[in-house]
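Trainee: Turn this into a structure:
(chains A and B)
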Amino acid sequence: MRQSMTLIPTLREVPADADVKSHQLLLRAGFIRQNASGVYSYLPLAKRVLVKIEAIVREEMDKAGAVELLMPALQQAELWQESGRWYSYGPELMRLKDRHEREFALGATHEEVITSLVRDEVKSYKRLPLTLYQIQTKFRDEKRPRFGLLRGREFIMKDAYSFHSSPESLADVYERIFTAYSNIFARCGLNYRAVIADSGAMGGKDTLEFMVLSDIGEDTIAYSDTSSYAANIEMAPVVAAYEKSDEAPRNLEKVKTENQKTIAEVSSFLQVNEMQCIKSLLFKIDGRPVLVLVRGDHEVNDIKLKNLFEATTVELAEAGETKEILGCEVGSVGPIGVKDVEIIADDAVKSIVNGVCGANEEHYHYVNVNPEKDFEAGRYADVRFIQEGDPSPDGQGNILFAKGIEVGHVFKLGTRYSEAMDAVYLDENGKSQPMIMGCYGIGVSRTLAAVAEQFNDDKGFVWPAAVAPYKVHLIAVNPKDEAQSSLSEELYEALGKNYEILFDDRHERAGVKFADADLIGIPVRVTVGKKAADGIVEVKNRKTGEVLEVQTNSLADTIKSLLGS
RNA sequence: CGGGAUGUAGCUCAGGUUGGUAGAGCACUAGCAUGGGGUGCUAGGGGUCGCAGGUUCAAUUCCUGUCAUCCCGACCA
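Mentor: Residues are numbered from 1 along each chain as shown, chains lettered A, B, ... in the order given. Take a look at the predicted model:
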């Protein structure tokens, strides 16, 4: 492609609205432009990278036995009403009406559409298993789109769904897709990790997320420093054994703690370790108040609460509600004397001896608090976030944290949708059974952003060859020079037969072309300059910056070795 | 949804406190020169100052509202 004929609007300055590297560079190098918050146009270069990623995805999915189709983005409300998600999905689902006032949604995901399709077309166990996938634009009205392509409201996703007549078959396909995903992210050059995850609103269990390690990641990964264990912090179970001090329990005592509210304030005021404090938070679980207790140095994990209570919503009660229910400000909440409100305590709380907690009375706390003796928790469970230094759940090593960008997710869905939508088949005995399902997603546009985030230097992008928009960037330093012009045209023609090549034929200064080339980040740069008349050109490796002068007759070999390594 | 910030040319920003119909750099157009790391000179084009009200003889500037965008948090296949 001649650069004079395509659209690559590079920017010299960093756009004010972009904070993260991938977003800045995608804008500066002319890959994307924003239309609305979380909505972008993919310009020619970005489109080429998307095509590369999609090709890798298709190849690996096909290899795993999945078949591509394409479903509508515009979906009838009835389907979502059938699964129940019309009501449970919330405002994130973009809803609209047609001219007849019929309700529709823009597809945030496609379980409903695919389940209805397969339900109507597949009736026998003989047709199972079946794995279908598509690459399509998804719409989610995110509360807060951010980081450019990393969290948009309109984004490209590869979503796959599998249908089975047995859990074994599901396990088999799940494994195959897992392998496909590992191949896909490895081929994109990404530094990723598969981690144990929460199934969230999807339902189901056995779910893994593919995380690209990055400081700007929105998820925290808890991983073992010695084994391969890795989990989303939301899910990592705490297996710490809490030792109970053999100190003799003393008698409960109420003390004045004027204006001391936070755990830090109270513990320093009373001269006790934060570990001795009982942090008490009032939650509303499916609207019902529940008092949750954790040790002062721990944090409540609302995902664990949600799973424990099999609830749909878990939220911290607002200050006003807390006052209404417990009669005090949030800084003075405690479990002692609380009636009519369920109390759940983290396992760590049980081994606190002579601890401290709020007195449900402004400016007062209790000291010498002993669980069981001074209050009864309805139950004890693991309801806190794992922390760095905690033992790894697999028993090997200790936990460390890393940030990750979720680029893929595989689920064993089970029969949640097939039961709700009556997707059944007849088994060998002619008996009707709900199909067992799996679903598997890859954020394609997010993967583009993740690669962009991972592969750049201070000058611009450094695309891995597998997803680079072009393999070779040919530059004619001075197109007005006859020798340079004719040699570059000749090379453009010749190299174009074997490589995707971008030819900078613009009448720009050399400096502008070099700066743009560095910014765009194509792996190999071929510069036709002063020595053109002697048949000598310059080959530069974008990644290493290494420059070679080569005769045109050995150019092909040089490029080949550069792209091969 | 809570907190914060910002909306002036395609981009990055000044101007505003002290109201008088708008500027710089980059980009763009034309010409000349230049031609290996964002070149120089000359001459140009481009803005309902986010939008709507209000105050005023007069509002980009002051007041109110509203919308948009970004950041933090909450939220989130």
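Trainee: show me the contacts for the spatially closest residue to A:G535 that is not a sequence neighbour.
Mentor: Nearest residue to A:G535, sequence neighbours excluded (C-beta to C-beta, 6 or more residues apart in numbering): A:T552, at 4.9 Å. Heads up, the C-betas are built off the backbone N, CA and C, glycines and all. Contacts of A:T552 were listed using C-beta atoms under 8 Å, 6 or more residues apart in numbering, and they are A:L487, A:L491, A:G535, A:I536, A:V537.
Trainee: For RNA strand B, what's the nearest residue on chain A?
Mentor: Chain A approaches RNA strand B most closely through A:G529 (1.4 Å), counting by C-beta to the nearest atom of the strand.
Trainee: Next, that residue: phi, psi?
Mentor: phi -130, psi -140 (degrees, to the nearest 10).
Trainee: Over to A:R384?
Mentor: phi -110, psi 160.
Trainee: and it, what pLDDT?
Mentor: A:R384 is assigned a pLDDT of 93 by the prediction.
Trainee: what's near enough to touch the residue nearest to A:E234 when sequence neighbours are not counted?
Mentor: With sequence-adjacent residues excluded and distances taken as C-beta to C-beta, 6+ apart, A:E234 is closest to A:I303, at 4.1 Å. Neighbour list for A:I303: A:D198, A:E234, A:M235, A:V314 [criterion: C-beta under 8 Å, 6+ apart].
Trainee: how about A:I475, secondary structure?
Mentor: strand (DSSP: H, G, I helix; E, B strand; the rest coil).
Trainee: show me where pLDDT drops low in the stretch 101-250 of chain A?
Mentor: A:199-205 (pLDDT under 70).
Trainee: ranges for the strands of it?
Mentor: Secondary structure of the stretch 101-250 of chain A (DSSP state E, counting those that start in this stretch): strands located at A:103-106, A:130-139, A:154-164, A:192-196, A:205-213, A:219-224, A:230-232.
Trainee: I'd like those strands as a markdown table, with mean neighbour count and distance to RNA strand B appended.
Mentor: Shown next, in a markdown table, are these (neighbours: other C-beta atoms under 10 Å; distance: least, C-beta to the nearest atom of the strand, whole Å):
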| stretch | mean neighbour count | distance to RNA strand B |
| --- | --- | --- |
| strand A:103-106 | 18 | 14 |
| strand A:130-139 | 20 | 8 |
| strand A:154-164 | 24 | 5 |
| strand A:192-196 | 21 | 14 |
| strand A:205-213 | 22 | 9 |
| strand A:219-224 | 21 | 7 |
| strand A:230-232 | 23 | 10 |
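Trainee: Could you dump those into TSV and include distance to A:L563?
Mentor: Below are the strands of the stretch 101-250 of chain A laid out as TSV (distance: least, C-beta to C-beta, whole Å):
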stretch	distance to A:L563
strand A:103-106	40
strand A:130-139	26
strand A:154-164	26
strand A:192-196	23
strand A:205-213	23
strand A:219-224	33
strand A:230-232	33
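Trainee: Between the ones you listed, which one is closest to A:G414.
Mentor: Taking C-beta to C-beta, strand A:205-213 is the member of the strands of the stretch 101-250 of chain A nearest to A:G414, at 7.5 Å.
Trainee: tilt between that closest one and strand A:219-224?
Mentor: Strand A:205-213 runs at 100 degrees relative to strand A:219-224, counting by axes from the mean of the first three to the mean of the last three C-alpha atoms, to 10 degrees.
Trainee: okay, which residue is most central for chain A?
Mentor: A:E406 (2.1 Å; C-alpha atoms, centre = their mean).
Trainee: Mind checking if the helix or strand where that one lies is in reach of RNA strand B?
Mentor: Using DSSP states H and E, A:E406 sits in strand A:399-414. Yes - against RNA strand B, strand A:399-414 shows contacts by C-beta under 7 Å from any atom of the strand at A:H409.
Trainee: List the buried residues of that strand.
Mentor: For strand A:399-414, the neighbour count (16 or more other C-beta atoms under 10 Å) marks A:399, A:402, A:404-414 as buried.
Trainee: With distance to A:L27 and pLDDT added, can I get those residues in CSV?
Mentor: Converted to CSV, the buried residues of strand A:399-414 look like this (distance: C-beta to C-beta, whole Å; pLDDT from 0 to 100):
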residue, distance to A:L27, pLDDT
A:I399, 37, 94
A:A402, 27, 92
A:G404, 24, 93
A:I405, 18, 94
A:E406, 23, 94
A:V407, 21, 95
A:G408, 25, 95
A:H409, 28, 93
A:V410, 32, 94
A:F411, 34, 91
A:K412, 39, 92
A:L413, 37, 91
A:G414, 42, 92
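Trainee: for stretch A:435-455, what is the average pLDDT?
Mentor: Here the average pLDDT along stretch A:435-455 is 96.
Trainee: centre of the chain versus that stretch, how much separation?
Mentor: 8 Å (C-alpha atoms, centre = their mean, to the nearest Å).
Trainee: Start and end of it, how far apart?
Mentor: Using C-alpha to C-alpha, to the nearest Å, one end of stretch A:435-455 lies 42 Å from the other.
Trainee: what's the answer for stretch A:87-105, then?
Mentor: End to end - C-alpha to C-alpha - stretch A:87-105 spans 12 Å.
Trainee: what's it in contact with?
Mentor: A:74-77, A:80-81, A:85-86, A:106, A:108, A:139-143, A:201, A:312.
Trainee: Among the residues you listed, name the ones in helices.
Mentor: Judged by DSSP state H, the contacts of stretch A:87-105 include A:A77, A:W80, A:Q81, A:R85, A:W86 as members of helices.
Trainee: Adding pLDDT, write those residues out as a markdown table.
Mentor: What follows is the ones in helices among the contacts of stretch A:87-105, written out as a markdown table (pLDDT from 0 to 100):
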| residue | pLDDT |
| --- | --- |
| A:A77 | 95 |
| A:W80 | 94 |
| A:Q81 | 94 |
| A:R85 | 91 |
| A:W86 | 91 |
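Trainee: most neighbours, which of those?
Mentor: A:W80 (24 neighbours; other C-beta atoms under 10 Å).
Trainee: The nearest residue to A:N35 once chain neighbours are set aside - how many residues pack around it?
Mentor: Spatial nearest neighbour of A:N35, excluding adjacent residues (C-beta to C-beta, 6+ apart): A:S41 at 6.1 Å. A:S41: 11 surrounding residues under other C-beta under 10 Å.
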